[in-house]
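# Sequence first, then the predicted structure:
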Amino acid sequence: MIAHSASLARIAQRQLNMATYRQLTQAGIPAGTISGRSRRGGPWQRLLPRVYLLQTGPPDTRQQALSAVLYAAHPAADPLSGSTAALTGGAALALLGIRDAPPEPLDVLVRAPRSPAATGRVRPCPTSRWPATIHIRGIPSARPIRAAADFAARTDDADADLVRSVLANVVQGGWCHPHDLHAELRAGRVRGRPAVRAAAAELVAGVRSIAEGRARDTLAATDLPAPLWNARLHGPDGAFLASPDAYWPEEGVALEIDSAEYHYTRDAWQATLHRRLRLEARGVLVASTTPGILRDRPADVIAALRALLALGAARPAPPQVTTRGHTQLELPLPPSYAPNARDTV
């Protein structure tokens, strides 16, 4: 009995206080004991078929995520190895802290031809294209680039803004390069979906948020020249100045979309003003707006940009800034571009 208790304690410690039915029986726990302990009011809980929580309190987010992997993993394999089951999609991205990534449903990759039945919030996703896996907060998971592609593949086109936001936040957070994400979307054969195609085009062009995507759509409907998105601007001495949402280098005009969510605090607002002063001190003409104004009064934003672009074009000398490290591409990518499929995790 002591040996059984020690074996069970090792399993529980390793798997966030959870175990599968196979692991429990291999630890010497009789089937009747498992059934009795997991009855209503007992010390254990049956979270999913063949998956047990060895505590009375409710499972936390990590335990819920790992329970999905325990359920989907091959019974004979080590479920923490990531060799037969791995969390993916929005659930994996939510564990990383990716903004707007939904923690449910719990999508889990499994090696084809295995295809466990969906149950509750768990959606097994059979695949013959098995990815390299990592552990996110102790949970076997697909790397962010694959999780993002799987999220896009399994999200309804009606949620185009959600796809747009999550993919942008994955890139904005530095988890992968937009060109590599585009290649992963193509490999997963989901790039043809309208919402995914639009999001991929924005990311390759440099757009990094829903607000910037809407600005790009608004500008595309006008005769204004196309700007650079999120270009890094440097002064004559090479010092970094700012990275405005949109920038017209020939005219020296920048567009800043200031959301209250990111500029609500006094320090954030002062940092925004300081960045704007640095640009204006070098001769950059700055147009400021908010996502709400851009959405509700786009004509006002376009009128302001049109006036500033005219002023910038008429100036005898260009502003004292240069753009660095910015590659402006449009889809489809040229044949010479060969992504290295890297992931920056």
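Thanks, I have the structure now.

# following the helix or strand containing residue 270, which helix or strand shows up next?
Using DSSP states H and E, residue 270 falls within helix 266-281. Where DSSP H and E defines the elements, the next helix or strand beyond helix 266-281 is strand 285-289.

# Sheet partners, orientation included, of that following strand?
In the sheet, strand 285-289 lines up against strand 253-257 (parallel) (DSSP bridges).

# Tell me how far the partner strand lies from the chain's centre.
25 Å (CA atoms, centre = their mean, to the nearest Å).

# Please enumerate residues in contact with that strand?
Residues outside strand 253-257 that contact it (CB atoms under 8 Å, 6 or more residues apart in numbering): 209, 211-212, 215, 227, 233, 242, 244-248, 272, 276, 279, 284-291, 294, 301, 305, 308-309, 312. Backbone N, C-alpha and C define where each C-beta goes, glycine included.

# just the angle between it and helix 266-281, please?
170 degrees (axes from the mean of the first three to the mean of the last three CA atoms, to 10 degrees).

# Centre of the chain to the helix holding residue 270, how far?
Put simply, helix 266-281 sits 28 Å off its chain's centre (CA atoms, centre = their mean).

# Likewise for stretch 289-296?
For stretch 289-296, the distance to the chain centre is 24 Å (CA atoms, centre = their mean).

# now swap in stretch 25-36 and tell me
Offset of stretch 25-36 from its chain centre (CA atoms, centre = their mean): 41 Å.

# who's in contact with that stretch?
With CB under 8 Å, 6+ apart, stretch 25-36 has contacts from 3-4, 7-8, 11, 19, 21, 24, 42, 44, 52.

# gap between residue 285 and residue 309?
Counting by CB to CB, to the nearest Å, the separation of residue 285 from residue 309 is 8 Å.

# what bits of the stretch 51-200 of the chain have low per-residue confidence?
By pLDDT under 70, the low-scoring segments of the stretch 51-200 of the chain are 191-192.

# show me where it has helices.
Using DSSP state H, counting those that start in this stretch, the helices of the stretch 51-200 of the chain run over 61-72, 89-96, 144-153, 160-172, 178-187, 194-205.

# right, and those - which one's nearest residue 125?
helix 144-153 (6.7 Å; CB to CB).

# Next, the angle from that closest one to helix 178-187.
50 degrees.

# hmm, who's touching helix 144-153?
With CB under 8 Å, 6+ apart, helix 144-153 has contacts from 87-90, 92-93, 96, 98, 101, 107, 109, 125, 131, 141-142, 163, 166-167, 170, 175-176, 180-181, 184-185, 187-188, 190, 193, 195-196, 199, 343, 345.

# Could I have the buried ones of those as PyMOL selection syntax?
Selection of the buried residues among those in PyMOL, burial being defined by 16 or more other CB atoms under 10 Å:
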select buried, resi 87+88+89+90+92+93+96+98+101+107+109+125+131+141+142+163+166+167+170+175+176+180+181+184+185+188+190+193+195+196+199+343
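
# List the buried residues of stretch 139-148.
Of all the residues in stretch 139-148, those buried under the rule 16+ other CB under 10 Å are 139-148.

# Same question for stretch 7-18.
For stretch 7-18, by 16+ other CB under 10 Å, it's 7-8, 11-12, 15-18.

# okay if I get the helices of the stretch 51-200 of the chain as a markdown table plus distance to residue 116?
Shown next, in a markdown table, are these (distance: least, CB to CB, whole Å):
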| stretch | distance to residue 116 |
| --- | --- |
| helix 61-72 | 5 |
| helix 89-96 | 16 |
| helix 144-153 | 16 |
| helix 160-172 | 25 |
| helix 178-187 | 24 |
| helix 194-205 | 26 |
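
# Can you list the buried residues in stretch 240-251?
Under 16+ other CB under 10 Å, the buried positions of stretch 240-251 are 241-249, 251.
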